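[1] Fold the stuff below for me.
(one chain, ligands or ions: 1)
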Amino acid sequence: MTDRYRLIIGNRNYSSWSMRAGVLMRHAGVDFDETVVPLFRDDTAANLAVFAPAPPRVPILLHGDLVIWDSLAIADYLHERHPQAGLLPDETRARAMARSICAEMHSSFMALREAAPMNIRGRRPRDLSEAVRADIARIESLWRDCLAASGGPFLFGAFCMADAFYAPVVMRFRTIEHRLSGGLDDYAKQIIDHAAVSDWCRAAVDEPWVVEASE
Ligand SMILES: N[C@@H](CCC(=O)N[C@@H](CS)C(=O)NCC(=O)O)C(=O)O
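    Below you'll find the predicted structure:
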């Protein structure tokens, strides 16, 4: 299949699942077009329905007549088509771990996600509930274990899918001004400085839309 990729995303400032796919596409170095469908508007569902029958969510990757409507599935598809991009570690055990922590991100941390929506531009320190603190502790322990096993600077050594999946968490921590300790602040800085992440963030800052519920 030779068709150019087209990635449909939500607001770069707020849409964490879009960010994961967008960062991976950039990191993989593939040619693609990116179309923003502003979220949380009366016309959002209708605008997304043009690209995928259901559900009205982003990201969506279009490739020829193929429609992939979930960030994990997009990441796996990119890895299959571009194995040289290193989106997953080469070593079997590390790859299984990387897949596990991506899946955990995909299915967990509801308290953090609810209390601290991604807002790349925003700086909003806030009081954290016990449940949010527990989510943060779990994420910090995952990062610490991965970095200790790999030696860093990214979770599995070189930047991979796992780092892209936790990049929006780094953004959330920055927004709520959560202080990371024990070397995790170095990891967060590596993420913020990564070319694909900073490219995404630059574009996010320039966006015109403000979603009050996420501010
Ligand atoms: N499981 C989906 C989740 C996608 C998702 O929830 N996207 C949010 C934006 S970050 C969305 O499209 N929200 C629009 C809405 O709920 O109307 C994935 O990982 O791609």
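
[2] Run the chain-centre distance for the longest helix along the chain.
    Identified as the longest helix of the chain according to DSSP state H is helix 130-150. The chain centroid and the centroid of helix 130-150 are separated by 17 Å under C-alpha atoms, centre = their mean, to the nearest Å.

[3] Need the contact partners of that helix.
    By C-beta atoms under 8 Å, 6 or more residues apart in numbering, the residues outside helix 130-150 that reach it are 94, 97, 101, 104, 108-112, 115-116, 128, 155-157, 162, 166, 169, 173, 178, 180, 182-184, 187. C-beta here means a position set from N, CA and C on the backbone, and glycine is covered the same way.

[4] where's the very next helix or strand once past that helix relative to the chain centroid, distance-wise?
    Going down the chain from helix 130-150, the next helix or strand is helix 161-176, by DSSP states H and E. Remark: helix 161-176 is offset 7 Å from the chain centroid, using C-alpha atoms, centre = their mean.

[5] go on, stretch 192-201?
    Centroid separation for stretch 192-201 versus its chain: 11 Å, with C-alpha atoms, centre = their mean.

[6] List the contacts of it.
    Outside stretch 192-201, the residues that touch it by C-beta under 8 Å, 6+ apart are 12, 19, 22-24, 26-27, 120, 159, 163-164, 167, 170-171, 174, 191.
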